[in-house]
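Asks: Predicted model, plus sequence, below.
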Amino acid sequence: MFKKAIAILNLTESLCDVLPDDDHATVTKRLMQENAMIIPSKIKGVMAVDEIFCTVVESTIIIKVNITELKAQLSACNAFNGVEE
């Protein structure tokens, strides 16, 4: 799962590199990078915890929220900049 999170982070960085430098794309890039960076750190945190249920559930929810936001931002990139999913 951590390897997939790193792959998502790398893909997000690559996508952000090809977006234009206008104001809307700059905000979208920043939001996408923030969400993509949170995912691997939360997964790593869950892996370090000795199965403390509350922490695992909390991190899982944060990961899901960031993945959902990243998907929405990718759709915005497609709509505003012609970047396909």
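Replies: Yep, that arrived. In this text, all values refer to a predicted model and were calculated from it rather than measured experimentally.

Asks: Mind checking what secondary structure residue 11 has?
Replies: Secondary structure, DSSP: H, G, I helix; E, B strand; the rest coil: residue 11 is helix.

Asks: what number of residues lie near it?
Replies: Residue 11 is flanked by 13 other residues according to other Cβ atoms under 10 Å. To be clear about C-beta, it is placed using only N, CA and C from the backbone, and glycine gets the same treatment.

Asks: try residue 41
Replies: Around residue 41 there are 15 residues (other Cβ under 10 Å).

Asks: do the one 4 residues further on as well
Replies: A count of neighbours around residue 45, defined by other Cβ under 10 Å, yields 15.

Asks: Tell me the pLDDT of the closest residue to it other than its chain neighbours.
Replies: Distances taken as Cβ to Cβ, 6 or more residues apart in numbering place residue 59 nearest to residue 45, at 5.7 Å, with adjacent residues excluded. Predicted confidence (pLDDT) for residue 59: 85.

Asks: could you pull out the strands for this structure?
Replies: For the chain, no strands are identified by DSSP state E.

Asks: how far out from the middle of the chain is the longest helix seen in it?
Replies: Of all segments of type helix in the chain, defined using DSSP state H, the longest is helix 53-81. Distance, stretch centre to chain centre, for helix 53-81: 6 Å (Cα atoms, centre = their mean, to the nearest Å).

Asks: same thing with stretch 5-23?
Replies: Centre-to-centre, stretch 5-23 and its host chain are 10 Å apart (Cα atoms, centre = their mean).
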